[in-house]
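> Please find the sequence and the predicted model below.
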Amino acid sequence: MGVEFNELFDQWAASYDAAVAGQHPEYREVFEKYTDILNRVVRTLSLPQGSRVLEIGVGTGNLTHRLIQAGYEVTGVEPSLEMRRQALQKLPRLNLYPGHFLDLPNGNYDGVVSTYAFHHLTDPEKETALEMLAERLGPKGRIIFADTMFRDDETKSARIQEAERRGMKELAADLRREYYPTLPVMKKITQKAGLKAEFIPLNRYVWLMEARKNLAE
């Protein structure tokens, strides 16, 4: 359920903002256009001010800050203790809870967002999580995720081999260890959860997922 990565993220918390700013050479392409990606999530969410938004995997609070600036009532969930501490230093009034995609505070939401986190779930867990989120979502609500995904298995394998060839051992190990999905898998999972989803590439690694309830069903 992603909690197996908590120790890694506790260690990464203090330097995470530097990494997303491009200071970790192996992850520059993963975090390319990071600020634009966060802004794109907020812009795509496009809900009235005051809407209730759940953010899963708050990290150090970079997306959260933008959501609050946009006028949303934000509830945050983050499994890593050190990441929560970093986020609360920036946003001391944030409603922030320990938890993860399958362990959420009670409540229904107009929107659900997440960046660079959904890949911590196995594919069956992704399916369960989206089904749970769809149940908590209002009829006109939407789920906006930005995360590393691959067009297909061949692209995923090629990207791992490329990282190894370029001597990026940490990135290659990451791509092998974590549960990065392919687009066919994500499309199948969203459909099964009763969601209508669109996927848009934002850089070589990251795709934007915009999902809404399929009210036609």
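Now that the structure is in, tell me what you want to look at.

> What segments of the protein are helices?
6-12, 16-18, 34-45, 62-69, 81-90, 123-136, 153-165, 169-177, 183-192 (DSSP state H).

> Check which helices and strands the shortest one is in contact with.
Contacts of helix 16-18 with other secondary structure elements, assessed using 3 or more CB pairs under 8 Å, 6 or more residues apart in numbering; DSSP states H and E, are made with helix 81-90. For every residue, glycine as well, the C-beta is placed using N, CA and C.

> Run the chain-centre distance for the helix it packs on.
Mean-position distance between helix 81-90 and its chain equals 17 Å (CA atoms, centre = their mean, to the nearest Å).

> ditto for stretch 43-57
14 Å.

> any weak-confidence spans in this structure?
1-4, 215-217 (pLDDT under 70).

> looking at it, which residue ends up farthest from its center?
residue 165 (27.6 Å; CA atoms, centre = their mean).

> hmm, back to that, quick one, which of the helices of the chain gets closest to residue 213.
Judged by CB to CB, the one of these that comes nearest to residue 213 is helix 123-136, at 6.3 Å.

> Adding distance to residue 25 as columns, could you present the helices of the chain in TSV?
Listed next are the helices of the chain as TSV, based on distance: least, CB to CB, whole Å:
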stretch	distance to residue 25
helix 6-12	15
helix 16-18	12
helix 34-45	15
helix 62-69	20
helix 81-90	22
helix 123-136	30
helix 153-165	12
helix 169-177	9
helix 183-192	27
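
> Tell me which of the ones you listed sits nearest to residue 54.
Closest to residue 54 of these, according to CB to CB: helix 123-136, at 7.6 Å.

> Okay, buried residues for the closest one please.
In terms of neighbour count (16 or more other CB atoms under 10 Å), helix 123-136 has its buried residues at 125-130, 133-134, 136.

> Check stretch 88-108 too.
Across stretch 88-108, burial judged by 16+ other CB under 10 Å covers 88, 91, 94, 96-97, 99-101, 104.

> and the lengthiest strand in the chain with helix 34-45, angle?
In the chain, taking DSSP state E as the definition, the longest strand is strand 137-148. Interaxial angle, strand 137-148 versus helix 34-45 (axes from the mean of the first three to the mean of the last three CA atoms, to 10 degrees): 160 degrees.

> can you give me how far strand 137-148 is from the chain middle?
Using CA atoms, centre = their mean, the offset of strand 137-148 from its chain centre is 11 Å.

> go on, stretch 195-206?
So, by CA atoms, centre = their mean, the centroid of stretch 195-206 is 12 Å from its chain's centroid.

> Give me the buried stretch members for it, please.
Buried, per 16+ other CB under 10 Å, within stretch 195-206: 195, 197, 199, 202-203, 205-206.

> Select, out of the helices of the chain, the one closest to residue 115.
Of the helices of the chain, nearest to residue 115 by CB to CB is helix 62-69, at 5.4 Å.

> If anything else comes up later, I'll come back, but that's it for now.
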